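Visitor: sequence and predicted structure below; questions after.
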Amino acid sequence: MATFTQFPAESIEVISNAKSVAVLTGAGISAESGVPTFRGEEGLWKNHRAEELATPEAFARNPELVWQWYDWRRGLVAKTRPNPGHTALADLEKLYDDFTLITQNVDGHHRLAGSLDPVEMHGNIWYTRCLTDGDIRENRDTPLPEIPPECGKCGGLLRPHIVWFGESLDESVLSRVFNTSSRADLFFVIGTSGVVQPAASLAGMAKNNGATVIEINLEPTPLTSLADYTILGKAGEVLPPLIEQIPEK
Ligand code: OAD
């Protein structure tokens, strides 16, 4: 474990020689776009923390409150665009035959930046799902109606298509993230506080299978002790110059 403010030469060599690359991103990669992170002051909404709102119990107790929190977040995301960190990851993908981008973010910015097939572990804020029949629909309305609308097919209540605390991830998503993390020889973990499972365990899984782990964050996290290199800086400033240093194969 070592911390740096830019990529040391030996890490550039590891990155250049990697064959199988996996990247896990969190809210920090979208922070420079203006999307608030979850933990920290700006993550609060009307004095509620994300952990109090992003649960099935919160939605059952007060669907309007949870729905309106997501509407607020959608309104914020709608005003933002992907930043140079997102674009650099889309460019990085082009350099490898085996590359998987895993994100905990629900804002859809990786796709907008050109990443081809990001695994959106926690869902996508621009989709709704019917509580009754499970029907998933894209919905880009901002603002949303203040009360969760009914499913057009069955009349059930619509909820955001997000994985909430206490809910299981989709089996196919889980097997994809576990497979890619365990076969990676290089694993980047970018802009996440590393406290929400199972995402937080992926870097350790990669490491146990022999990968070099590189973390990019503003500050040390619980994952820093297992990372081979931690680059302390903004993803949108650290990633673009890195891409220029990796020779095309
Ligand atoms: P957090 O808000 O917990 O952490 C954001 C991390 O990004 C922190 O470690 C910051 O230091 C770092 N950071 C901020 N700006 C950065 C920048 N410009 N460059 C690099 N790093 C930066 O967000 P997550 O770890 O993504 O789940 O949170 C994980 C999950 O908890 C979320 O997906 C969400 C939340 O509750 C659900 O909604 C299910």
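Guide: Received it, and whenever you're ready, just let me know what you need.
Visitor: and Ala54, its phi and psi?
Guide: Phi and psi for Ala54, reported as degrees, to the nearest 10, are phi -90, psi 60.
Visitor: who's in contact with it?
Guide: By CB atoms under 8 Å, 6 or more residues apart in numbering, the contact list for Ala54 reads 66, 162, 164-165. (Glycine included, C-beta is placed from N, CA and C.)
Visitor: same thing but at 6 Å, please
Guide: Residues near Ala54 by CB atoms under 6 Å, 6 or more residues apart in numbering: 164-165.
Visitor: ok, then the element right after the helix or strand that contains Ile102?
Guide: Taking DSSP states H and E as the definition, Ile102 sits inside strand 98-103. Scanning forward in sequence from strand 98-103 by DSSP H and E, the next helix or strand is helix 109-113.
Visitor: quick check: mean pLDDT of that following helix?
Guide: Here helix 109-113 scores 98 as its mean pLDDT.
Visitor: and the strand holding Ile102, is it in reach of the ligand?
Guide: No: Strand 98-103 lies out of reach of the ligand by CB under 6 Å from any ligand atom, never closer than 8.4 Å.
Visitor: just checking: what are the partner strands of that strand?
Guide: Using DSSP bridges, strand 98-103 pairs in its sheet with strand 20-25 (parallel), strand 119-120 (parallel).
Visitor: ok, now which ones touch the residue nearest to Thr103 when sequence neighbours are not counted?
Guide: Of all residues not flanking Thr103 in the chain, Thr25 sits nearest, at 4.6 Å (CB to CB, 6 or more residues apart in numbering). Contacts for Thr25 were tallied using CB under 6 Å, 6+ apart; they are 103, 190-191.
Visitor: please repeat the previous calculation with a cut-off of 8 Å.
Guide: 89, 101-105, 110, 190-192, 235.
Visitor: and it, how far from the ligand?
Guide: 8 Å (CB to the nearest ligand atom, to the nearest Å).
Visitor: cool, and Val195?
Guide: 6 Å.
Visitor: name the helices or strands packed onto the lowest-mean-pLDDT helix or strand in the chain?
Guide: When each helix and strand of the chain is scored by mean pLDDT, DSSP states H and E, helix 50-53 comes last, with a mean of 87. Helix 50-53 sits against helix 63-78, with contacts defined as 3 or more CB pairs under 8 Å, 6 or more residues apart in numbering; DSSP states H and E.
Visitor: state the mean pLDDT of whichever helix or strand comes after the helix it packs on.
Guide: With elements assigned by DSSP H and E, the helix or strand that comes after helix 63-78 is helix 84-93. For helix 84-93, the mean pLDDT works out to 98.
Visitor: now helix 84-93 against strand 20-25, angle please.
Guide: 170 degrees (axes from the mean of the first three to the mean of the last three CA atoms, to 10 degrees).
Visitor: and the longest strand along the chain, average pLDDT?
Guide: Secondary structure assigned by DSSP state E gives strand 123-130 as the longest strand of the chain. Confidence for strand 123-130, expressed as mean pLDDT, is 97.
Visitor: could you check how far it is from the centre of its chain?
Guide: Its chain's C-alpha centre and that of strand 123-130 lie 15 Å apart, by CA atoms, centre = their mean, to the nearest Å.
Visitor: flag every residue of this protein that's near the ligand.
Guide: Residues of the chain found near the ligand (CB under 6 Å from any ligand atom) are 26-28, 31-32, 37-39, 43, 50, 54, 104, 122, 162-164, 191-193, 196, 216-219, 221, 234-235.
Visitor: out of these, which end up buried?
Guide: 26-28, 31-32, 37-39, 50, 54, 104, 122, 162-164, 191-193, 196, 216-217, 221, 234-235 (16 or more other CB atoms under 10 Å).
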